[in-house]
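Asks: Predicted model and sequence follow; I will ask about them next.
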Protein chains: 2
Amino acid sequence: MTQARPGGRSARVRAQVLRATGDVLAEQGFAHLDLADVARRADVGKTTVYRRWGTPTALVADLLLDMAEQSSPRTDTGDLLEDLRANARLVHRTLTDPRQGSLFQSVIAAATCDGQAATALHGFYATRVAEWAPCVEQAVARGEAPPGTDAHAVIRAVSAPLYYHLLTTGGLDGALADQAAEAAAVAARAGVYVRP
Amino acid sequence: MTQARPGGRSARVRAQVLRATGDVLAEQGFAHLDLADVARRADVGKTTVYRRWGTPTALVADLLLDMAEQSSPRTDTGDLLEDLRANARLVHRTLTDPRQGSLFQSVIAAATCDGQAATALHGFYATRVAEWAPCVEQAVARGEAPPGTDAHAVIRAVSAPLYYHLLTTGGLDGALADQAAEAAAVAARAGVYVRP
DNA sequence: TCATTAAAGGTACTGTGGTGCCGTTAACGT
DNA sequence: ACGTTAACGGCACCACAGTACCTTTAATGA
């Protein structure tokens, strides 16, 4: 009978490979993600990487699965604008951090190139957005935003300008994060994100 | 003495190659953009494509240069929200169009993978944003938004949620375009985009 | 019209990313 | 403790993307 063996060695190999993958992505970007190179860095057989993952995008997809498991801490200041600002600054900090920033850029590159990585990225952001949605829901409960406000939409509205700027201009400045938070807060209060 | 020869044949070759490049990007995506394949489709020597462009990203960069030259018509209804809505719907239509949508996705993929293509994409969006900025400037002149409002920032705020949705969920619905336009209009009127 | 020479086209070759094969290792059930 | 077998590791191989080299075409200037 067929037996799954996720223990010991396999788990160690996966951890080593994912760590090496993250290193390459952060240092050289998705375009230079070579399976043979990853195998070398991970100190793992080249054949193993080709057999278990097969393509660079599959590697990234698995890495995203791993990244989604590590949750980010959420604030709860009792003020919508303040919470959104904290979220915007967290995203901004992540995207401009030397390692994390490059890593995210690379992961995004993979997702725009391949459907499998894209699906993994969708899952990643779904969990991240869900983690922060409660602070909007609480704002609604406090009467800061109208009932029926789509909490997920508000959280997404905070990140959107930051990612869009990165794509279309390549840079991010600190003021942009606060501006994004303010815009989302103002629009949310005005009822723009009330579900139809 | 060295002479440039941009006439006749070279121009025809470039046009054929860029058309073939667009076809491949729209049909199969950036990951499948192969120079030999492009040469075959363009009915052009394989060597020529390798010599003149060399890499897939260089091909995309040149295509973007070509795309930036074709300008998109801007509305001028005399109402900020109406103009922004028109812009949002134009972007939405472009991104969901079978050919244009796939093409943009692929071009974005190239830009996230490579610096050269990224620079070309920045140029492309800079011209597109500049084309639409006047409708915000006029809204400021009419008193619809406070003086000092950054017109480019407002236009970018309209597109941002659409691109962000595409990246993080993979889908776009029509209501989102109107929502994006409303959010940008509300925030602009509230003075969120006034330069410091 | 004709000489000049960029730039395109054809072909043969090569370096390497990716695969197939098979021996080795170490998880898991009893 | 021990046998079974899933999964890893090493090596040889091969297809093909990318290059080198040379020939041909046609754009330019006088």
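Replies: Received, thanks.
Asks: Next SSE downstream of the helix ranked longest in chain A?
Replies: Ranked by number of residues, the top helix in chain A under DSSP state H is helix A:115-142. The C-terminal neighbour of helix A:115-142 among helices and strands, as given by DSSP states H and E, is helix A:151-168.
Asks: Can you give me the neighbour number for the residue of chain A found nearest DNA strand D?
Replies: With CB to the nearest atom of the strand, the shortest gap between chain A and DNA strand D falls at A:Gly45, namely 3.0 Å. (Each C-beta comes from the backbone N, C-alpha and C, glycine too.) As a burial measure, the neighbour count of A:Gly45 was computed by other CB atoms under 10 Å in any protein chain shown and equals 11.
Asks: My understanding was that it contacts A:Ala39; is that so?
Replies: Yes: the criterion here is CB atoms under 8 Å, and A:Gly45 meets it with A:Ala39 at 6.4 Å.
Asks: and A:Gly78, what does it touch?
Replies: Each residue near A:Gly78 by CB atoms under 8 Å, 6 or more residues apart in numbering or on different chains is listed here: A:138, A:142.
Asks: and it, backbone torsions?
Replies: A:Gly78 has phi and psi values of phi 90, psi 10 when expressed as degrees, to the nearest 10.
Asks: next one: A:Ala187
Replies: Here A:Ala187 shows phi and psi, under degrees, to the nearest 10, equal to phi -60, psi -40.
Asks: any idea how far A:Ala181 is from the closest residue to it other than its chain neighbours?
Replies: Nearest residue to A:Ala187, sequence neighbours excluded (CB to CB, 6 or more residues apart in numbering or on different chains): B:Ala183, at 3.9 Å. If you measure B:Ala183 against A:Ala181 using CB to CB, to the nearest Å, the figure is 13 Å.
Asks: What of A:Leu166?
Replies: Distance of A:Leu166 to A:Ala181, given as CB to CB: 17 Å.
Asks: quick one: which of the two has more around it?
Replies: Between A:Leu166 and A:Ala181, counted using other CB under 10 Å, the more crowded position is A:Ala181 (26 against 20).
Asks: need the contact list for the more buried one.
Replies: Residues A:81, A:84-85, A:87-89, A:158 are the ones in contact with A:Ala181 under the rule CB under 8 Å, 6+ apart.
Asks: go on, A:Ala117?
Replies: A:57-58, A:60-61, A:64, A:107, A:110-111.
Asks: So, low pLDDT: which residues of chain A?
Replies: Low-confidence segments of chain A, defined by pLDDT under 70, are located at A:1-8.
Asks: Show me how it divides into domains.
Replies: In the domain annotation for chain A, the residue ranges read A:8-67, A:74-189 (automatic domain parsing).
Asks: Just say which of those is most tucked in.
Replies: For the domains of chain A, the largest average neighbour count (mean count of other CB atoms under 10 Å in any protein chain shown) is found in domain A:74-189, namely a mean of 20.
Asks: Now do the end-to-end distance for that domain.
Replies: Counting by CA to CA, to the nearest Å, you get 21 Å between the two ends of domain A:74-189.
Asks: and that domain, is it in reach of DNA strand C?
Replies: No: using CB under 7 Å from any atom of the strand, domain A:74-189 stays clear of DNA strand C, with a minimum separation of 12.9 Å.
Asks: That domain: how far from the chain's middle?
Replies: 10 Å (CA atoms, centre = their mean, to the nearest Å).
Asks: And DNA strand D, is it touching that?
Replies: No: no part of domain A:74-189 sits close enough to DNA strand D to count as contact by CB under 7 Å from any atom of the strand; the gap is at least 15.0 Å.
Asks: got the end-to-end distance for stretch A:70-83?
Replies: Its first and final residues considered, stretch A:70-83 spans 20 Å by CA to CA.
Asks: again with stretch A:189-196
Replies: Across stretch A:189-196, the terminal residues are separated by 16 Å (CA to CA).
Asks: Distance check, A:Arg195 against A:Val154.
Replies: Note on A:Arg195: its distance to A:Val154, by CB to CB, is 12 Å.
Asks: what do you get for A:Thr112?
Replies: In terms of CB to CB, A:Thr112 sits 25 Å off from A:Val154.
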